[in-house]
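Q: Mind folding the following:
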Amino acid sequence: MGNIILFKSKKVRRIWSEPDQKWYFSIQDVIEILTDSTDIKQYIKKLKNRDPELRSNWGTICTPVEMQATDGKKRKIQASDTEGLLRIIQSIPSSKAEPFKRWLAKVGYERLEEIENPELAAKRMREIYKFKGYSDEWIEKRMRGIAIRDELTEEWKKRGVKEKIEYSILTAEISKATFGMTPTEYKNFKALDKPTDNLRDHMTDLELIFTMLGEASTTEIARKKDAQGFPENKKAANEGGTIAGNARRELEKKSGTRVSVKENYKQLPEIKLKSISHKESKK
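A: Numbering: from 1, shown residues only. Presented below is the predicted three-dimensional model:
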């Protein structure tokens, strides 16, 4: 499990290691925050030179971990757990060091809380969306969509679907049948040009609803037909997406407006986007 968290609006990549039961954080992201350096490799080199003890233990402190790079691709990057980061921070002269250490301790504690009580993770996610300016109504749909998506991927896992590439193919199958566009095509439609842009965070209420319908239908069909392996689940994905696609077309026919709209939440605050109420005419 991996994600991005914020320290004073600055992004820090992290990933949870189940075997170790630890968070691993991107060393590059942390050093950028503490130093504002534009050449992290050179800074690390100088850091090692002035702290021989850190240099000799660098291989123990740092662990190559696969995380998403700025271009959206997965790459092995230098990462460290909380203990290792605290050792690195000790050697960095920065006024941000103490606030960052307090933040780091809080992040670790929150993860332990979330393991004990998963509802806290959902609550914190709601708070993040609220902070970004999303309405309560939109947030509820987004959170429900996340739950439905998790239920679907758990079903795929039980049915022998391989993660990553096969999940992506099946997701594209549902999206194509629901909206007539794969997720990549949908991102282009909405002019989301950054690899880190999350398509669902830029969907309107109706777009989220039909996304949920397609994925919930796929889960139900896979269960009822006891779909096993990739080919059978691909067929279920197409059938589930088709149910949502038919419902979308029926709504567009009755309302005279398109469900899929080009507006995204980078261009307009969500509350304003909601007021558009899908005014784009059906093409």
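Q: use CA for all of it now, contacts and neighbours both
A: Fine.
Q: show me where this structure has helices.
A: Under the criterion DSSP state H, helices of the chain are mapped to 27-35, 40-50, 52-56, 58-61, 82-90, 97-116, 118-132, 136-158, 165-179, 183-189, 205-224, 229-255, 270-276.
Q: got the contact list for residue 104?
A: residue 82 (CA atoms under 8 Å, 6 or more residues apart in numbering).
Q: I'd like the numbering to begin with 29 instead of 1 from here.
A: Right, with 29 as the first residue, what we last looked at is residue 132.
Q: pLDDT wise, what is it at?
A: Note on residue 132: pLDDT of 75.
Q: how close does it get to residue 195?
A: 33 Å (CA to CA, to the nearest Å).
Q: quick revisit: pipe the helices of the chain into CSV and attach distance to residue 41 per row.
A: Below are the helices of the chain laid out as CSV (distance: least, CA to CA, whole Å):
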stretch, distance to residue 41
helix 55-63, 7
helix 68-78, 15
helix 80-84, 22
helix 86-89, 17
helix 110-118, 13
helix 125-144, 12
helix 146-160, 16
helix 164-186, 20
helix 193-207, 22
helix 211-217, 23
helix 233-252, 26
helix 257-283, 31
helix 298-304, 25
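Q: can you tell me which of these the model trusts least?
A: helix 298-304 (a mean of 51).
Q: how far away is residue 241 from residue 107?
A: Distance from residue 241 to residue 107, by CA to CA: 38 Å.
Q: domain ranges for the protein?
A: With domains defined by automatic domain parsing, the chain comprises 30-144, 148-304.
Q: Just name the most buried of these.
A: Mean neighbours per residue, mean count of other CA atoms under 10 Å, is largest over the domains of the chain for domain 148-304, with a mean of 18.
Q: excluding its backbone neighbours, what's nearest residue 290?
A: Using CA to CA, 6 or more residues apart in numbering and skipping residues adjacent in sequence, the residue nearest residue 290 is residue 218, 4.6 Å away.
Q: So the one you found is in contact with residue 294, correct?
A: No - between residue 218 and residue 294 there is no contact under CA atoms under 8 Å: 9.9 Å.
Q: what touches both of the two?
A: Counting by CA under 8 Å, 6+ apart, nothing touches both residue 218 and residue 294.
Q: which residues touch the nearest residue to residue 31 once chain neighbours are set aside?
A: Spatial nearest neighbour of residue 31, excluding adjacent residues (CA to CA, 6+ apart): residue 42 at 5.8 Å. Taking CA under 8 Å, 6+ apart, we find residue 42 in contact with 30, 31, 32, 33, 51, 52, 53, 54, 95.
Q: rerun at 7 Å
A: Residues near residue 42 by CA atoms under 7 Å, 6 or more residues apart in numbering: 30, 31, 32, 51, 52, 53, 54.
Q: how close does residue 81 get to residue 115?
A: Residue 81 is 10 Å from residue 115, by CA to CA.
Q: which residues are common contacts for those two?
A: Counting by CA under 7 Å, 6+ apart, nothing touches both residue 81 and residue 115.
Q: so residue 246 sits right up against residue 268, yeah?
A: Yes - if you go by CA atoms under 7 Å, residue 246 and residue 268 touch, sitting 4.1 Å apart.
Q: Could you pull out the residues contacting both of the two?
A: Counting by CA under 7 Å, 6+ apart, nothing touches both residue 246 and residue 268.
Q: For stretch 275-289, measure first residue to last.
A: First-to-last residue span, stretch 275-289, CA to CA: 17 Å.
Q: can you check stretch 91-101 too?
A: End-to-end for stretch 91-101, by CA to CA: 19 Å.
Q: and that stretch, how far from the chain's centre?
A: Remark: stretch 91-101 is offset 13 Å from the chain centroid, using CA atoms, centre = their mean, to the nearest Å.
Q: Quick one: mean pLDDT over that stretch.
A: Per-residue scores along stretch 91-101 average to 78.
Q: What lies in contact with that stretch?
A: So stretch 91-101 is contacted by 102, 103, 104, 105, 106, 107, 108, 223, 224 (CA under 7 Å, 6+ apart).
Q: can you check stretch 112-128 too?
A: Taking CA under 7 Å, 6+ apart as the rule, stretch 112-128 contacts 62, 63, 89.
Q: Please list all residues in contact with the first one.
A: Listed by CA under 7 Å, 6+ apart, the contact set of residue 62 reads 122, 124, 125.
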